[in-house]
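Enquirer: Here's my sequence, what's the structure:
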Amino acid sequence: QVQVVESGGGLVQAGGSLRLSCAAYGRIARTDALGWYRQAPGNQRELVARITSNGSATYADYVEGRFTISSDNPKSAVYLQMNSLKPEDTAVYYCNALVATFPAWEIMDAWGQGTLVGVSS
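Expert: Numbers count the residues shown, from 1 in each chain. You can find the predicted model right below:
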């Protein structure tokens, strides 16, 4: 079993900043990738940013230059620094962990419960 726990959401005015944190817990043998996704009301869940175990980061076009993803792989932790927030960034943000688990090195794609980010104009 792997649990993913997010924190750091909240309400902020446009132009402000927030930092999201996430950690995966359980029988984790290896962390292959960690990422952040978001889902606004009426929309599908979409990728925000993702970072692999070798530090390669991918960003959605709409956050490039404003958001920064970082990770602490031994702790299976990932962070999302969000600057210059816009009202359209309002969504529930979900953390995702792609890990291999003990004892069989089974690959698991685990999700957190989500944390709400609200940006007012």
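Enquirer: List the strands paired with the host helix or strand of Glu6, with their directions.
Expert: Following DSSP states H and E, one finds Glu6 within strand 2-7. Using DSSP bridges, strand 2-7 pairs in its sheet with strand 18-26 (antiparallel).
Enquirer: Other residues contacting the strand it pairs with?
Expert: Contact partners of strand 18-26, identified using Cβ atoms under 8 Å, 6 or more residues apart in numbering, comprise 1-10, 12, 31, 34, 36, 75-82, 85, 93, 95, 97, 99, 101, 110, 112, 115, 117. For glycine as for every other residue, the C-beta is placed from the backbone atoms N, C-alpha and C.
Enquirer: switch the cut-off to 7 Å
Expert: Residues from elsewhere that reach strand 18-26 (Cβ atoms under 7 Å, 6 or more residues apart in numbering): 1-10, 12, 36, 75-82, 85, 93, 95, 97, 99, 101, 110, 112, 115, 117.
Enquirer: likewise stretch 42-52?
Expert: So stretch 42-52 is contacted by 32-39, 57-60, 63, 67, 69, 71, 78, 80, 93-94 (Cβ under 7 Å, 6+ apart).
Enquirer: and Met108, backbone torsions?
Expert: Torsion angles at Met108 (phi, psi; degrees, to the nearest 10) stand at phi -120, psi 140.
Enquirer: Just the pLDDT at it, thanks.
Expert: On the pLDDT scale, Met108 is placed at 95.
Enquirer: Which residue ranges of this structure form strands?
Expert: 2-7, 10-13, 18-26, 28-39, 46-52, 57-59, 67-72, 77-82, 91-101, 106-111, 115-120 (DSSP state E).
Enquirer: Just the CA trace of the last one, in CSV.
Expert: Listed next in CSV are the C-alpha coordinates belonging to strand 115-120 (Å, rounded to 0.1, in the frame of the first residue of the first chain):
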residue,chain,number,x,y,z
THR,A,115,-5.6,20.2,-2.2
LEU,A,116,-7.7,23.2,-3.2
VAL,A,117,-6.0,26.3,-4.7
GLY,A,118,-8.1,29.3,-5.1
VAL,A,119,-7.0,32.5,-6.8
SER,A,120,-9.1,35.7,-6.6
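Enquirer: Show me what it is packed against.
Expert: strand 10-13, strand 91-101 (3 or more Cβ pairs under 7 Å, 6 or more residues apart in numbering; DSSP states H and E).
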